[in-house]
Structures are given as C-alpha cells and as structure tokens.
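*Asks:* For reference, the sequence and a predicted model appear below.
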Number of protein chains: 2
Amino acid sequence: MNIHVIGIGLIGGSMVLDIKSLHPDATIYGIDTNENHLAEAIALGVIDKAATFDDLGTADFVIVSVPVDVALIVLPKVLDAIGENTIVFEVGSTKTPICEAIANHPRRRNFIATHPIAGTEFSGPSAAIRNLFQGKTNIICEVEKTTFKLQEKAVELFKSMGMRIRYMDPKSHDKHIAYVSHLSHISAFMLGKTVINKEKDEQDIFDMAGSGFESTVRLAKSSPAMWTPIFKQNKKHVVKTLEEYISNLSKFKDLLINDDFEAIYNEMQSVNKIKEILNGMKK
Amino acid sequence: MNIHVIGIGLIGGSMVLDIKSLHPDATIYGIDTNENHLAEAIALGVIDKAATFDDLGTADFVIVSVPVDVALIVLPKVLDAIGENTIVFEVGSTKTPICEAIANHPRRRNFIATHPIAGTEFSGPSAAIRNLFQGKTNIICEVEKTTFKLQEKAVELFKSMGMRIRYMDPKSHDKHIAYVSHLSHISAFMLGKTVINKEKDEQDIFDMAGSGFESTVRLAKSSPAMWTPIFKQNKKHVVKTLEEYISNLSKFKDLLINDDFEAIYNEMQSVNKIKEILNGMKK
C-alpha cells in the first residue's frame, strides 16, 4: 500500500504514524515544501521517503494536510496527478471552500472531504503522535460525491484508527465548528494577550498563573500560519460567534457592575452542565 | 500535632492529606457546616474526626478553606477560639477583604494570609488529592503582621508540601490574580454559555468538540458557590480585566471584518510567547 502525505505536521504526521502501525507493509511517502520538515520526518520515522507530485499516480491514499488556504491550491493539482483508484482526503478545519474549489474537477469522485476533530497546540513533524485519533470524531462532508467503493475504503481506514464517523454538509460543518473550535482559539489568544499586556513583568505571570490559566490559554500556543487562513475562510461564522461571545461577556460585566450576584450565580450554575456534555464526549 | 481544617473541600482537604503524609502522627480534625461532607471526609480518610470551634484551643494549625464570603465571618470567630501558639491561615482567592476584616483582632499575629495557587475544577471532600501543591506558588500577604516564629512554622509547612513562597501585599495580589485566574474563569464560563446557547442539540457539541474546546472551557465546571463571592469581593479588578478582554476581542473582530489578516497573524504570533511563559511556570 502506498500512502502519500502532503504537509507533514501534527495531523498528517499523526495519521501516517497510525497507518504504518496498522499496515506495517505500507510505504509512507512525504511531500512538503519545507525541506527541513522532510528531513526531520524521515529522521523521526514519520515517513519512509520523500516524494513529488509525479509519484502520485501509484498512490492508494493521498492525505492533504496543509493550511486551508494552501489546500485550495494544492488539492486540484493532486487530483490532476492521481491514478484512477487513488483516494484523496483533506483534513482542514473549514470544509465549504475546499468542496467548492474542486466541485467540478474530473476526479471529484476520488476525493473525500473530512475533518478529523483531533489535535494539540503543537505543529511540525515532531508534533506527530500515535493514537491521536482514537475515540475522536471524523466529520465527512458530501460523502455522496465520492465513489462508493472509495469512500468505503476511506471510512474503513478512519475506523481502524479509532475514529467515529459523522456525516454533515460543509455549510453546517463550518457553522458548528466556528462555535466549538474556532471561537475557543480566539478566546484563548485574546486571554493570553490581555494577561501579557497587563503583566509586563512576566515573572508575575510565572508566579501567579495556576493550572486554570494554563488550560484556558493553551490554544494560544497554536500556529498563526495554520489559524489565520481558517479564520479567513470561515470569517462569516467566526465573526458571528465573536459577537455572541462579546455580548455574553458584556452582560456578565454589567451584572457585576450592578451587584446582581444572584444572577451571576445562576449564570455560572446554568453553564455547569457543560460538565455532563464533556463527559458525554468521552463515552 | 493537631490540625483543624474548616471547610473540607478541594484545597483544605488536599492540604490535610499532604500534612497527614508528612506527619503521620498528626490528628486531623474537620469542621464543616455540611454534615454529609464531614461523614464523607471521614470515610475517605481525609480527616480523622469531626470537631467544633470549642476544640480550637489545642490546635497547632487551623486551615480556613471556605468560600471567601464565609471566611469573613468565620475567621474572627476562629481567632477568638484559638490558643496562644495556634497558627491560622486562610487560603481564598482574594486577600484584601480578609486582611481588612481581622486587621484589629487581638490575635492578628496568629494569622497568616495565604493563597496557594493550585486547584482543579472539582469541589467537595472527594476533590481532595495528594500532592496538589507540589511545585505550586503560595502567595503570602502582610507577612510582617504575623508573629515571626509562627510565620516561620507556617512557611516550613508550605515548603514541605512542595510550594514556592512569594510575598505580596494584598492589593497587588488581588489585582494580579484578577488577570491570571479570575478572568480565565469568566472567559471559560461565557465560552460555555455561548456554545450551549447556540448548540441546542447537545449531540452536536458531543460530536464536534475536540480537546481544544474541552481545555478552554474546563473552568466552566467550577463551583458557583465558591466563585460568586470571589467576583463580588474582587469586583473592581475583575470588571477592569473584563473591559480589557472585551476590547481585545472587539479589536480582533474588527480586524476580521476589515480583512486585515496580516494583523490577525501578527496578533496571534505575538501571543504565542505565552508558550515560553508557561514553560517558565514549570521550572
């Protein structure tokens, strides 16, 4: 089995690590514009060898795991280069633009639009880890536009990595993911900014920040190169989530100013049910 | 050694678990208005026996670990009841009101104002865990107002639990902690609210929320009974942090609306240094 991964970072790298464990006979080819990442990926055993687009004709699977703006350019070229039975999937955090970009490509039916909802705040080949996808959800969009046998093979691969499958249209995906993922990132980045701006003396942050701040701000370590194009592509929904978030924060602030601590208590208590929702995630 | 803990939850319970490990001969007495918590704490081995304020005369240490509004009422009564060499410390997340409340108490010099910056989002006796304070910072306020020998014994105890000590005046503590702790909690609660309000179908949150959302929203599981009085007591600083946070979020939203993605990239990149700051925390 020939697996090609284009963009060898957290998601693509972790995927091929799992595939290699599941299929020790598979050969993992890597394509990356960053030569250092290629060398690093080989040294780390994430890929077996470097490849080029000319090699894609013999690929069984091609994983496109690049920033979402780059994907719009790369994916049509990948579809131009693949063989008849190659399955291509892209793993970015926005799905409408990519589905539109290749809607009329002659090889559309070789493509399956996915969003494996998994990750860490790290990036690059060294961020690749085994079992990243165990128990996680993979959102598949427009499955009806993929050849039945090819989507079947892809779903089998995802399931073998431990993923649950959920089908969704790209527009619904992009709207929901703005709330449960994109907003969290902005919330963390701006929390980090507010604290850094205030605490000019970083020693104070060192000394006073507990594990609560650490987990709330964790996503502010994420890669701007990956996240800027996500916010760009999902601008409409992200702006809306931000408006709602800012409005909720402002109302909370007003309750404080008006000494309405009973309402503050009730606000917090009603959000406490997030506990059960998150526990549900782990089931 | 006689240790009395008033309010047997996450912080007080975890402290006496550590003290019992370090001093197996110590007797741990618990005082709690919640009879179920007392029984649970005994069953879990967090305390040895239940006690009352009348027993405080023979205490070596009294730990006051109750919501910060309750502390204002309880602490003077504790100081009324203790012996000459008893050391009392309170562990809440605001320090100015408590220091003011007992400023003129005849036993002021038996009291040491502390804030061990450690915790989880859980509460009650079952939240008590060993080694919670290992490597964490304990902020001590107005140390000069405590009898030298007594503060020395308290600091020795804190260090034996693995804590670093930092001295600070109560007003500075309350201002800084609003940024690195109180704001994180409101940010998480309002993130949870925004997502819950939108995603009426909780299944969508289950399916689409990844570990990023989970860590950013974690603090929204925290106890309203504990946090409402903290926000009340530290209202002035908390409102200010919220104003700055809302302003930063609004500016980020405007950059999105104006398609200034270069500025968005730069914003995120400049906050990325939180990585080194948090790594510093772990040293």
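*Replies:* Here it is on my side, so go on. Numbering: from 1, shown residues only, chains lettered A, B, ... in the order given.
*Asks:* Would you mind finding the longest helix in chain A?
*Replies:* helix A:235-257 (DSSP state H).
*Asks:* A:S222 versus the residue nearest the centre of chain A, what's the distance?
*Replies:* Nearest residue to the geometric centre of chain A (C-alpha atoms, centre = their mean): A:S93, 4.7 Å. Here the criterion is C-beta to C-beta, to the nearest Å. By it, A:S93 lies 11 Å from A:S222. The C-beta positions use only the backbone N, C-alpha and C, and glycine is treated the same way.
*Asks:* now swap in A:M168 and tell me
*Replies:* 23 Å.
*Asks:* now A:V64
*Replies:* 20 Å.
*Asks:* How many neighbouring residues does A:A41 have?
*Replies:* A:A41 has 28 neighbours, counted by other C-beta atoms under 10 Å in any protein chain shown.
*Asks:* same deal with the one 5 residues further on?
*Replies:* Neighbourhood size, A:V46 [other C-beta under 10 Å]: 26.
*Asks:* what secondary structure does it sit in?
*Replies:* When classified by DSSP: H, G, I helix; E, B strand; the rest coil, A:V46 comes out as coil.
*Asks:* Tell me which residues touch it, please.
*Replies:* A:I8, A:G13, A:V16, A:L17, A:I28, A:G30, A:P125, A:A128 (C-beta atoms under 8 Å, 6 or more residues apart in numbering or on different chains).
*Asks:* Now it. Its backbone dihedrals?
*Replies:* Backbone torsions of A:V46, given as degrees, to the nearest 10, read phi -80, psi -40.
*Asks:* what does A:P116 give?
*Replies:* Per degrees, to the nearest 10, the backbone of A:P116 is at phi -70, psi 120.
*Asks:* The closest residue to it other than its chain neighbours is in what secondary structure piece?
*Replies:* Nearest residue to A:P116, sequence neighbours excluded (C-beta to C-beta, 6 or more residues apart in numbering or on different chains): A:N138, at 4.6 Å. Here A:N138 sits within strand A:137-141, counting by DSSP states H and E.
*Asks:* now A:T114
*Replies:* strand A:111-116.
*Asks:* and that strand with strand A:137-141, angle?
*Replies:* With axes from the mean of the first three to the mean of the last three C-alpha atoms, to 10 degrees as the basis, strand A:111-116 and strand A:137-141 are set at 150 degrees to each other.
*Asks:* Which strands or helices does the stretch of helix or strand A:V217 belongs to pack on?
*Replies:* Using DSSP H and E, A:V217 maps to helix A:211-217. With contacts defined as 3 or more C-beta pairs under 8 Å, 6 or more residues apart in numbering or on different chains; DSSP states H and E, helix A:211-217 has these neighbours: helix A:183-198, helix B:183-198, helix B:211-217, helix B:274-282.
*Asks:* I'd like to check what contacts stretch A:134-143. Which residues are they?
*Replies:* By C-beta under 8 Å, 6+ apart, the residues outside stretch A:134-143 that reach it are A:95, A:99, A:112-118, A:151, A:155, A:158, A:161-170, A:173, A:177, A:282, B:207-208, B:210.
*Asks:* switch to 7 Å and redo it
*Replies:* With C-beta atoms under 7 Å, 6 or more residues apart in numbering or on different chains as the test, stretch A:134-143 has contacts from A:95, A:99, A:112-118, A:151, A:158, A:162-170, A:173, B:207-208, B:210.
*Asks:* Filter these down to the ones in helices?
*Replies:* Short answer: the contacts of stretch A:134-143 in helices (DSSP H) are A:C99, A:Q151, A:F158, A:P170, A:H173, B:D207, B:M208.
*Asks:* What residues sit buried inside the host helix or strand of A:P76?
*Replies:* According to DSSP H and E, A:P76 maps onto helix A:68-81. For helix A:68-81, the neighbour count (16 or more other C-beta atoms under 10 Å in any protein chain shown) marks A:V68, A:D69, A:V70, A:A71, A:L72, A:V74, A:L75, A:V78, A:L79, A:A81 as buried.
*Asks:* ok, the last one - contacts?
*Replies:* What that stands for is A:A81. A:A81 sits in contact with A:F53, A:L56, A:G57, where contact means C-beta under 7 Å, 6+ apart.
*Asks:* Tell me the bridge partners for A:I139.
*Replies:* A:I139 forms beta bridges with A:H115, A:R166, as assigned by DSSP bridges.
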